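In: Give me a 3D structure for the following:
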Amino acid sequence: MVWISLFSAAALEVVWALALKRSDGLSQLGPSLVFLVAAIGSVVLLSLALQRLPVGTAYAIWTGTGAVGTALLGMALLGEAATPSRLAAIALIAAGIVWLALTEA
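Out: Purely as a prediction, here's the structure:
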């Protein structure tokens with residue numbers, strides 16, 4: 001259950017980051033509300049995961065997974081650059097997340 005909470009928190013981090021981009025500086029009501037709800041949900045789920053996981057592990061996995069997801073969806077949905085070096089860097093972050101998660105399993 002702790003891992004479900006943590007990865008759900010990371011998924012909501014992706015949602016709030018993309019909503020923040022779409023909010024145009026929090027000037028668009030719909031995306032701004034999505035940002036707010038997703039950000040609160042993400043932090044609440046992270047707090048549940050922190051009850052059982054070390055803070056360094058949980059925080060690194062939360063931010064890393066959110067960063068990977070946001071970068072990939074930024075490329076897929078927003079037309080952001082998908083250069084080989086950028087994809088390689090994202091792959092390294094993802095590998096670090098898996099390695100870290102496996103050390104806590």
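In: what about the helices in this structure?
Out: Assigned by DSSP state H, the helices in the chain fall at 2-22, 29-49, 55-78, 84-104.
In: pLDDT weak spots in this protein?
Out: Residue ranges of the chain with pLDDT under 70: 105.
In: picking that back up, would you tell me which one of the helices of the chain is buried the most?
Out: Of all these, helix 2-22 has the most neighbours on average by mean count of other CB atoms under 10 Å, namely a mean of 19. Backbone N, C-alpha and C define where each C-beta goes, glycine included.
In: just the CA coordinates of that helix, formatted as CSV?
Out: Taking Å, rounded to 0.1, in the frame of the first residue of the first chain, the C-alpha atoms of helix 2-22 are listed here in CSV:
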residue,chain,number,x,y,z
VAL,A,2,2.9,2.4,0.8
TRP,A,3,4.2,2.1,-2.8
ILE,A,4,0.7,2.7,-4.3
SER,A,5,0.5,5.9,-2.2
LEU,A,6,4.0,7.0,-3.3
PHE,A,7,3.5,6.4,-7.0
SER,A,8,0.0,7.9,-6.9
ALA,A,9,1.5,11.0,-5.3
ALA,A,10,4.1,11.1,-8.1
ALA,A,11,1.3,10.7,-10.7
LEU,A,12,-0.5,13.6,-9.1
GLU,A,13,2.7,15.6,-9.2
VAL,A,14,2.8,15.1,-13.0
VAL,A,15,-0.9,16.3,-13.2
TRP,A,16,-0.2,19.4,-11.2
ALA,A,17,2.9,20.3,-13.1
LEU,A,18,1.1,20.0,-16.4
ALA,A,19,-1.9,21.9,-15.1
LEU,A,20,0.4,24.7,-13.8
LYS,A,21,1.9,25.0,-17.3
ARG,A,22,-1.7,25.2,-18.8
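In: which helices and strands does that helix pack with?
Out: Other helices and strands packing on helix 2-22, by 3 or more CB pairs under 8 Å, 6 or more residues apart in numbering; DSSP states H and E, are helix 29-49, helix 55-78.
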